[in-house]
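>>> Any chance you could fold what I've pasted below:
(one chain, ligands or ions: 2)
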Amino acid sequence: MPEKEESVNASGLRGRLRAARSVFVLTGAGVSAESGVPTFRGGGQTAVWKGMPFDVISSAGMVGRDLALVWEWFDYRRGVLQSCRPNPAHETIARWQTSFPQFTLATQNVDGLHTEAGSRGVLELHGNVWRARCLNCEGREDVREKDASVRPPVCRACGGLMRPDVVLFGEMLPEEVWVEAAERAATADVCFVVGTSAIVYPAAGLPAAAKRAGAFLVEVNPEETPLSNICDVTLRGAAGEVLPRLEF
Ligand code: BJW
Ligand code: ZN
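Ligands and ions are numbered 1, 2, ... in the order given. All right, here's what the predicted structure looks like:
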């Protein structure tokens, strides 16, 4: 698409990328949309399961009220994910990790597709749906190694009940992961924000923090978001089409 190439050139993005020493990428559900993973918010709707909006089930309160229901919801989600593979957006981002002296990928996604595409050291801000965490000792286990007929699963180390190792509404993000993401965002020359509605905090604050610290901010999203007006470049399109075409 020559027009897009021209606008990328004109925006100065190519030059910024060639000179960049540190690149920070924040991704959201949109980066996995072309893999067949449903987004949370789209077309004016939010995801609903068994009549409940996802933000009711994916909430801290629900773990206390009905842990079995939370497991049912995440078993359903893993069932959907089972047939989803990384797409060209995940693959392009994975290639970028060797293209810059420093490269950081922070994702809000819990699907593990970035790692499957070859990204290493992914900062998973909202956890991972394939991991279980003990409510008693905080021990982590791979859900695929647990007996699927036992819900909630029981911790191998202490016998405590386990929960999905994801960050639900009203819960804190994993401290070390968050601190590293915030530090990397604040020292980036270029920050990409890809496929996120940018309304869930604190993750949505990272691109603005990068921009305040001097980063060149690039959004890749078919839709406008609350971040669009502070971006230096907005690339309107599907991540799996836009990212592989970015040459620098
Ligand atoms: C494409 C595309 C393609 C489509 N290519 N793009 C008021 C103000 C500020 C904060 C709050 C507030 N009230 C409450 C809060 C706190 C709350 C929050 O931010 N709420 C907002 C909704 C207002 N945040 C929290 O609770 C966080 N914790 C916290 O703040 O701790 C402190 C605290 C402690 C105690 C009490 C209160 C606060 C935790 C947030 C955890 C979020 N967890 C979830 C669920 C994970 C588990 C699960 O999977 O079920 O994470 S919510 C859900 O949203 C999920 C996502 O990671 C997250 C972000 O969504 P994302 O990725 O942006 O997806 P979508 O669907 O929204 O957008 C998709 C985008 O892709 C769209 O823009 C499309 O256009 C685009 N797209 N196809 C590129 N092909
Ligand atoms: Zn335990």
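>>> Only C-alpha atoms from now on, for both contacts and neighbour counts.
OK.
>>> pLDDT averaged over the longest helix along the chain - what is it?
In the chain, with assignment by DSSP state H, the single longest helix is helix 67-81. When pLDDT is averaged over helix 67-81, the result is 96.
>>> One more: stretch 212-220?
97.
>>> could you check the distance from the residue lying closest to residue 58 once chain neighbours are set aside over to ligand 2?
Spatial nearest neighbour of residue 58, excluding adjacent residues (Cα to Cα, 6 or more residues apart in numbering): residue 168 at 5.2 Å. Using Cα to the ion, to the nearest Å, residue 168 is found at 20 Å from ligand 2.
>>> what are the phi and psi values for the residue lying closest to residue 213 once chain neighbours are set aside?
Leaving aside its chain neighbours, residue 213 sits nearest to residue 186 (5.5 Å; criterion: Cα to Cα, 6+ apart). In terms of degrees, to the nearest 10, the main-chain angles of residue 186 are phi -80, psi -10.
>>> and residue 186, what does it touch?
For residue 186, the contacting residues are 209-210, 213, 215, by Cα atoms under 8 Å, 6 or more residues apart in numbering.
>>> Are there helices or strands packed against the longest strand along the chain, and which ones?
For the chain, the longest strand by residue count, based on DSSP state E, is strand 127-134. Counting contacts by 3 or more Cα pairs under 8 Å, 6 or more residues apart in numbering; DSSP states H and E, strand 127-134 packs against helix 67-81, strand 140-142, strand 162-166.
>>> Parallel or antiparallel, which strands does the last one pair with?
Okay, so that is strand 162-166. Looking at strand 162-166 with DSSP bridges, its partner strands are strand 127-134 (antiparallel).
>>> Ok, the second one next?
Sheet pairing here is set by DSSP bridges, and for strand 140-142 it gives strand 127-134 (antiparallel).
>>> so where is this structure shaky, pLDDT-wise?
Within the chain, the stretches with pLDDT under 70 are 1-10, 43-46.
>>> now the helices for it?
Going by DSSP H, the chain shows helices at 2-11, 13-19, 30-33, 54-57, 60-65, 67-81, 88-96, 113-116, 175-186, 206-212, 239-245.
>>> The third one packs against which elements?
Applying 3+ Cα pairs under 8 Å, 6+ apart, one finds that helix 30-33 makes contact with helix 88-96, helix 239-245.
>>> can you list the residues of the chain near ligand 2?
The chain comes close to ligand 2 at residues 134, 137, 155, 158, 160, as judged by Cα under 5 Å from the ion.
>>> Just the ones of those in strands?
Short answer: the residues of the chain next to ligand 2 in strands (DSSP E) are residue 134.
>>> Including neighbour count and distance to ligand 1, could the residues of the chain next to ligand 2 go into JSON lines?
Output for these, formatted as JSON lines (neighbours: other Cα atoms under 10 Å; distance: Cα to the nearest ligand atom, whole Å):
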{"residue": "134", "neighbour count": "22", "distance to ligand 1": "17"}
{"residue": "137", "neighbour count": "14", "distance to ligand 1": "21"}
{"residue": "155", "neighbour count": "22", "distance to ligand 1": "21"}
{"residue": "158", "neighbour count": "12", "distance to ligand 1": "25"}
{"residue": "160", "neighbour count": "18", "distance to ligand 1": "21"}
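>>> what would the residues of the chain next to ligand 2 look like in a markdown table with distance to residue 179?
As requested, those are exported to a markdown table (distance: Cα to Cα, whole Å):
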| residue | distance to residue 179 |
| --- | --- |
| 134 | 23 |
| 137 | 23 |
| 155 | 28 |
| 158 | 29 |
| 160 | 29 |
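>>> list the contacts for the residue lying closest to residue 39 once chain neighbours are set aside?
Computed as Cα to Cα, 6+ apart, the closest residue to residue 39 that is not its neighbour in sequence is residue 29, at 5.2 Å. Taking Cα under 8 Å, 6+ apart, we find residue 29 in contact with 37-40, 108-109, 195-196.
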